[in-house]
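> can't give you the sequence, but here's the structure:
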């Protein structure tokens, strides 16, 4: 599978400065390109981040901020062939490797913020509705939302726990819905090993 072309980092491979990060806090509401295959190709696992952080938006690469446990935990779980360093942008070769392995990455909300808890409930619910529509078109094997708090708000599931979820209205048959922990370093309940185990479990069920 060939990924949909993505824009290079707006910073040309440089690390973001504080001024860069501040600029992306008020930039285009959808500053991050998805990692998805082109044409009618399907993915086995569609990973859904909550929204881009400022660093992620600045370099146009998912989960790019140094210290985020996303890429190390995916590698530890065996989902990637090497530990990706997206801190200065996502290499075309890494994007191609992801979709070749059947993995796509998108976000629930496009607006970049310093923290996910800056999003409003209305933004999260609108993002959940868009995700249902997107999944009906893409029909991946499994959708994994990375963040239980945002999932509860967006899908109006206040008692949801990590792991498999009952599908919402409009969800296509045959597509599983899962929630994994937020991989940010701000989530003190998880580490690379525990995150890797949860990614491996989701991958097994995809």
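That came in fine, so what should we check first? Computed from a predicted structure; not experimentally measured.
> how about the residue nearest the centre of the chain, nearest residue that isn't a chain neighbour?
Nearest residue to the geometric centre of the chain (Cα atoms, centre = their mean): residue 49, 2.9 Å. Excluding its sequence neighbours, the residue lying closest to residue 49 (Cβ to Cβ, 6 or more residues apart in numbering) is residue 107, at 4.7 Å. For glycine as for every other residue, the C-beta is placed from the backbone atoms N, C-alpha and C.
> OK, contacts around the one you found?
Applying Cβ atoms under 8 Å, 6 or more residues apart in numbering, we find residue 107 in contact with 32, 34, 48-52, 62, 127.
> quick check: phi and psi on it?
For residue 107, the backbone dihedrals are phi -130, psi 150 (criterion: degrees, to the nearest 10).
> what residues sit buried inside the helix or strand that residue 195 is a member of?
Under DSSP states H and E, the secondary-structure element containing residue 195 is helix 192-205. For helix 192-205, a neighbour-count test (16 or more other Cβ atoms under 10 Å) marks 192, 195-196, 198-203 as buried.
> looking at these, which one is closest to residue 173?
Closest to residue 173 out of those is residue 202 (19.0 Å), distances taken as Cβ to Cβ.
> so where do the helices sit in the protein?
Here the chain has its helices, by DSSP state H, at 18-24, 54-59, 70-76, 92-100, 121-138, 148-154, 192-205.
> shaky segments in the protein?
Low-confidence segments of the chain, defined by pLDDT under 70: 27-30.
> could you redo the last one with a cut-off of 80?
Confidence mapping of the chain against pLDDT under 80 gives the ranges 26-31, 185-186, 188.
> picking up where we left off before, can I get the helices of the chain in a markdown table with distance to residue 114?
Below are the helices of the chain laid out as a markdown table (distance: least, Cβ to Cβ, whole Å):
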| stretch | distance to residue 114 |
| --- | --- |
| helix 18-24 | 8 |
| helix 54-59 | 6 |
| helix 70-76 | 17 |
| helix 92-100 | 25 |
| helix 121-138 | 15 |
| helix 148-154 | 15 |
| helix 192-205 | 21 |
